[in-house]
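A.B. asks: sequence and predicted structure below; questions after.
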Amino acid sequence: MAHKLAFIGFGVVGQGLAEIIRDKKEALRQDEGFEANIVAISDLLKGSIYHPNGLDIDTALRVLRETGSLENYPPTQGLVTGWDSLKTIRETNADTIIEVSYTDVKTGQPAINHCKAAFENGKNVVMTNKGPVALAYKELSEIANKHGVYWGFEGTVMSGTPALRMPIATLAGNDITEIRGILNGTTNYILTQMEIAGITYEEALKEAQELGYAEADPTSDVEGYDARYKIVILSNYVMRAPLTVEEVSCKGITGITLRDIETAKAEGKRWKLLAKARKEGNKVIASIAPEKVDITDSLASISGATNAITYKCDLLGAVTLSGAGAGKVETGFSLLIDLITIDRQKQLVKI
Ligand SMILES: NC(=O)C1=CN([C@@H]2O[C@H](COP(=O)(O)OP(=O)(O)OC[C@H]3O[C@@H](n4cnc5c(N)ncnc54)[C@H](OP(=O)(O)O)[C@@H]3O)[C@@H](O)[C@H]2O)C=CC1
Ligand SMILES: N[C@@H](CC=O)C(=O)O
């Protein structure tokens, strides 16, 4: 049966998923038996539309592109406009909420309340918003379990690259004792462009924003807060070890100048914003900080918005995964794989 989707937020990532569903509709139906009907979109400034029978994706994207407001969608019998996020979550006929609003680095709100409202109304949530997972993982997963619904958040770490699903599914049985990686696409893009293209920090940041990599407030990227959320998610979900945001020391890349980059280059080194977590007994020690890594270090060659992560496993040794860390289609894909997972789990239940 087709998923009925309601989008909360319709910026870069939301539109990325909508385009994938539109463009790969036939292939997804044939190859995966996957079908999705977008019934609602609720966005803070771009407006809100709901039709219980479904919206035409192409029309919604075109109307938004041409007029700036979803509410200029052609009026049809049954079309509702103006519902806010909570009303959309509670009162539409959607079975799954796509939560792609801003990540709030202090409170995680209103996305935490969006998740609660969805779960309490028997709806699945798939999201790329990191706040709820970093700040309320235990509480929200308990509520989701209690209501028998699915909570997917693959895209919260390394966009569509399976940084969460891969270790949980295929490294199961290992104790992951250490994680080291580049977990923010914007800062890696900035550092790469400063070195390779010789452009300034400000120019590189502007490019990262134009390419859809940066957070709505890029302070989160450049001060390391985004990577801090991601290492907290990895610790709680992948290492199964409690870690809070306050316990992670955090330094960003704002102090790094073109001159620092040139000096590192002359020394055979390269600046990278590294995220690290290491188990020590029952505790995890974690940090976010820029480091000059040797050019021979496997992370030195990770460039642009690409990210990489090494999991140190007790049975398998070090396993490294690299791939997209940000981007419209890449992160849209992370939502798609969570939706496909819902279908696969339903199939398993049937068997
Ligand atoms: N871009 C990327 O590569 C990645 C992003 N993410 C995460 O995915 C999420 C979405 O990112 P992205 O699409 O790039 O961000 P954008 O800023 O492009 O889009 C976010 C959208 O959410 C809307 N919004 C904010 N608050 C609310 C609310 N309360 N109710 C309804 N809509 C709301 C905004 O509305 P408006 O602008 O109209 O005010 C905006 O359209 C973020 O949490 C981000 O951290 C995760 C991985 C990668
Ligand atoms: N702003 C983030 C987006 C993905 O999480 C980044 O640049 O990595």
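C.D. replies: Done, it's in. Numbers count the residues shown, from 1 in each chain. Ligands and ions are numbered 1, 2, ... in the order given.

A.B. asks: and the residue of the chain at minimum distance from ligand 1, its phi and psi?
C.D. replies: Relative to ligand 1, the nearest point of the chain is G11 (1.9 Å; CB to the nearest ligand atom). All C-beta spots, glycine's among them, are computed from the backbone N, C-alpha and C. Phi and psi for G11, reported as degrees, to the nearest 10, are phi -100, psi -140.

A.B. asks: what number of residues lie near it?
C.D. replies: 18 (other CB atoms under 10 Å).

A.B. asks: nearest spatial neighbour of it, chain-adjacent residues omitted?
C.D. replies: Nearest non-adjacent residue to G11, counting by CB to CB, 6 or more residues apart in numbering: V100, 6.9 Å away.

A.B. asks: quick one, what contacts that neighbour?
C.D. replies: 7-11, 13-14, 17, 127-129, 335 (CB atoms under 8 Å, 6 or more residues apart in numbering).

A.B. asks: now, which of these lie within strands?
C.D. replies: 7-8, 127 (DSSP state E).

A.B. asks: now those residues as CSV including neighbour count?
C.D. replies: Below are those laid out as CSV (neighbours: other CB atoms under 10 Å):
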residue, neighbour count
F7, 31
I8, 31
M127, 30
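
A.B. asks: residue in the stretch 251-351 of the chain with the shortest distance to ligand 2?
C.D. replies: For the stretch 251-351 of the chain, CB to the nearest ligand atom, closest residue to ligand 2: A326, 3.8 Å.

A.B. asks: count the neighbours of the spatially closest residue to that residue that is not a sequence neighbour for me.
C.D. replies: Distances taken as CB to CB, 6+ apart put G185 closest to A326, at 3.1 Å, once the chain neighbours are dropped. Using other CB under 10 Å, G185 has 27 other residues around it.

A.B. asks: next: I196.
C.D. replies: I196, neighbours per other CB under 10 Å, totals 11.

A.B. asks: what residues does the stretch 51-200 of the chain have near ligand 2?
C.D. replies: With CB under 6 Å from any ligand atom as the criterion, the stretch 51-200 of the chain meets ligand 2 at residues 159, 184-186.

A.B. asks: oh, I was asking about the stretch 251-351 of the chain
C.D. replies: Residues of the stretch 251-351 of the chain lying near ligand 2 (CB under 6 Å from any ligand atom): 325-326.

A.B. asks: repeat the analysis, applying 8 Å as the threshold.
C.D. replies: Within the stretch 251-351 of the chain, the positions adjacent to ligand 2 are 305, 307, 325-326, 331 by CB under 8 Å from any ligand atom.

A.B. asks: of all those residues, which two lie farthest apart?
C.D. replies: N307 and T331 (11.8 Å; CB to CB).

A.B. asks: find residues that contact each of these two.
C.D. replies: 159, 324.

A.B. asks: which one's the longest helix in the chain?
C.D. replies: helix 328-350 (DSSP state H).

A.B. asks: so who does the residue nearest to A326 touch?
C.D. replies: 159, 208, 213, 304-307, 324-327.

A.B. asks: repeat the analysis, applying 7 Å as the threshold.
C.D. replies: 213, 305, 307, 325-326 (CB atoms under 7 Å, 6 or more residues apart in numbering).

A.B. asks: so which of those wins on neighbours?
C.D. replies: So for the contacts of G185 (other CB under 10 Å), the most neighbours sit at G325, 32 neighbours.

A.B. asks: rewinding a little: dump the contacts of V100 to a markdown table, plus pLDDT.
C.D. replies: Shown next, in a markdown table, are the contacts of V100 (pLDDT from 0 to 100):
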| residue | pLDDT |
| --- | --- |
| F7 | 99 |
| I8 | 98 |
| G9 | 98 |
| F10 | 98 |
| G11 | 98 |
| V13 | 98 |
| G14 | 98 |
| L17 | 98 |
| M127 | 98 |
| T128 | 98 |
| N129 | 98 |
| L335 | 98 |
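
A.B. asks: dump the residues you listed into a markdown table; add distance to R240 as well.
C.D. replies: Shown next, in a markdown table, are the contacts of V100 (distance: CB to CB, whole Å):
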| residue | distance to R240 |
| --- | --- |
| F7 | 31 |
| I8 | 29 |
| G9 | 30 |
| F10 | 34 |
| G11 | 32 |
| V13 | 27 |
| G14 | 31 |
| L17 | 29 |
| M127 | 21 |
| T128 | 22 |
| N129 | 22 |
| L335 | 24 |
